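Student: Sharing a model prediction with you, sequence too.
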Amino acid sequence: MKENKLVDLSTDFAVKIIKLCETIKGHYSLVNQLERSSTSIGANIHEANYAHGKNDFIAKLQIALKECYETEYWLELFVKSEMLDREIAKNLYNQCGTIRKILISSINTAKQNIDK
């Protein structure tokens, strides 16, 4: 069976965030928020693959999209707080942006297919 690119991207992204979070000292509640939002992206994408119909599929992808936006917020907050180097964050931000763009496209396609 062919692997789902979005599942792979989101899983790889979550692993990178988890490893990053292990290096950040203090501010455990903020680190926890970053970990939770970033890992939730992949969890919701994975769950969407087992949805109970198109509407459930779209809903799961929309949750994953919201988690992408939240993760981008936390990354930016960490940079502005000087808890994270901008260059490290830039790579992660770009990966999250790629996932976000694919999610938006997938949601739009799924919505168009419902209308047909």
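Tutor: Now that the structure is in, tell me what you want to look at.

Student: buried set for the helix or strand bottoming out on mean pLDDT in the chain?
Tutor: The least trusted helix or strand in the chain, going by mean pLDDT, DSSP states H and E, turns out to be helix 86-115, with a mean of 94. Buried residues in helix 86-115, counting neighbours by 16 or more other Cβ atoms under 10 Å, are found at Ala89, Leu92, Tyr93, Gln95, Cys96, Ile99, Arg100, Ile102, Leu103, Ser106, Ile107, Ala110. In short, each C-beta sits where N, CA and C put it, glycine included.

Student: Please identify which of these is nearest to Asp12.
Tutor: Minimum distance to Asp12 across these is 7.8 Å, recorded for Gln95 (Cβ to Cβ).

Student: quick one: contacts for that closest one?
Tutor: Leu9, Asp12, Phe13, Lys16 (Cβ atoms under 8 Å, 6 or more residues apart in numbering).

Student: that older thread, widest-spaced pair of the buried residues of helix 86-115?
Tutor: Ala89 and Ala110, at 30.6 Å, using Cβ to Cβ across those.

Student: show me where pLDDT drops low in the chain?
Tutor: Flagging of the chain using pLDDT under 70 yields the residue ranges 1-3, 115-116.

Student: where along it do the helices fall?
Tutor: Along the chain, the segments classed as helices by DSSP state H run 5-23, 28-48, 54-80, 86-115.
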